[in-house]
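Enquirer: need the 3D shape of this:
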Amino acid sequence: MRLDKLLADMQAGTRSQIKQYIRQGRVTVDGSSKVSPKQQVDPDTQTVCCFGKEIHYQKYVYYMLNKPADCVTARQDAVHKTVMDYIADKRKGLSPVGRLDLDTEGLLLITDDGSLSHNLLSPAKHVEKVYEAEISGRVTEADIEAFRRGLDIGDKALTKPAVLTVLSEGAVLEGAVSRVRVVITEGRYHQVKRMFAAVGKRVVFLKRVAMGSLKLDDKLLPGEYRELTEDERDSLLKQVIAEKKDL
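Expert: Residues are numbered from 1 along each chain as shown. Model prediction:
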């Protein structure tokens, strides 16, 4: 690829800044500063440095964000802060995978790997999304069975079977809440909230804690993010490949 594109993709500077760095001799390829912005380089076999620091090329990047409440899952918004406002990396194509509601917290994957994003979101791939929630009132065995069968939430089809587990029961008192875990394999609009509404319950707090093999790092405070580890990234990619073979 072109030298200036590689450096721009790796956030070494803007295209105009990179051209200036090259003119100043601040950029080297295999130790030589006699380079040009248009020069073709192979990041797998050649060493590219900028200001003496080696630039390691990554085709895609993967970030785990602990999404806080009161921000929208979008690249930009005229009214609210967005999840992308928390990410310092501003490379082209970087986007959130799926959506979490304005008041929903928790795990959000940010990447420029469009293929992975598509496969993680496709209902046909059956990728599990795990949520923890607080529900107004007491969640019953009847609710658990209704989630298992699939619910009418006003769409053309029932929801796919979901696993509802009660973590702690709310007392039979006004204002009491039950803590639950919900596992779904779809991503319909406001799905978890609408599912509980269908059984006469109201969600008062909602947090996503896992998506496929990726689990939210409990060390991340709301609004904090980090790159996925190599194991986390490889596990997600392998999961998508395995599910493709099963179809």
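Enquirer: so this structure: which segments form each domain?
Expert: Listed domain ranges for the chain are 3-54, 59-125+214-247, 128-211 (source: automatic domain parsing).
Enquirer: including mean pLDDT, could these go into TSV?
Expert: Formatted as TSV, the domains of the chain follow (pLDDT from 0 to 100):
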stretch	mean pLDDT
domain 3-54	93
domain 59-125+214-247	90
domain 128-211	92
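Enquirer: I'd like those as JSON lines, with mean neighbour count appended.
Expert: Using the backbone N, CA and C atoms, a C-beta is placed for each residue, glycine as well. Shown next, in JSON lines, are the domains of the chain (neighbours: other Cβ atoms under 10 Å):
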{"stretch": "domain 3-54", "mean neighbour count": "15"}
{"stretch": "domain 59-125+214-247", "mean neighbour count": "16"}
{"stretch": "domain 128-211", "mean neighbour count": "17"}
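Enquirer: for the most centrally placed residue in the chain, give me its contacts.
Expert: In the chain, the residue lying closest to the centroid (Cα atoms, centre = their mean) is residue 109, at 1.3 Å. Residue 109 makes contact with 62, 63, 64, 65, 96, 97, 98, 117, 120, 211, 214, according to Cβ atoms under 8 Å, 6 or more residues apart in numbering.
Enquirer: what of residue 103?
Expert: 69, 70, 206 are the contacts of residue 103 under Cβ under 8 Å, 6+ apart.
Enquirer: tell me how far the nearest residue to residue 121 once chain neighbours are set aside lies from residue 122.
Expert: Computed as Cβ to Cβ, 6 or more residues apart in numbering, the closest residue to residue 121 that is not its neighbour in sequence is residue 98, at 5.3 Å. The gap separating residue 98 from residue 122 is 11 Å, by Cβ to Cβ, to the nearest Å.
Enquirer: please apply the same query to residue 138.
Expert: Applying Cβ to Cβ, the value for residue 138 to residue 122 is 35 Å.
Enquirer: how is the spatially most distant residue from the centre of the chain assigned, secondary-structure-wise?
Expert: Distance from the C-alpha centroid of the chain peaks at residue 34, with 40.6 Å (Cα atoms, centre = their mean). Under the three-state scheme (DSSP: H, G, I helix; E, B strand; the rest coil), residue 34 adopts coil.
Enquirer: show me which of the contacts of residue 103 is closest to residue 194.
Expert: Nearest to residue 194, judged by Cβ to Cβ, of the contacts of residue 103 is residue 206 at 11.8 Å.
Enquirer: ok, the closest one - contacts?
Expert: Here residue 206 is in contact with 101, 103, 104, 105, 106, 131, 132, 133, 134, 192, 193 (Cβ under 8 Å, 6+ apart).
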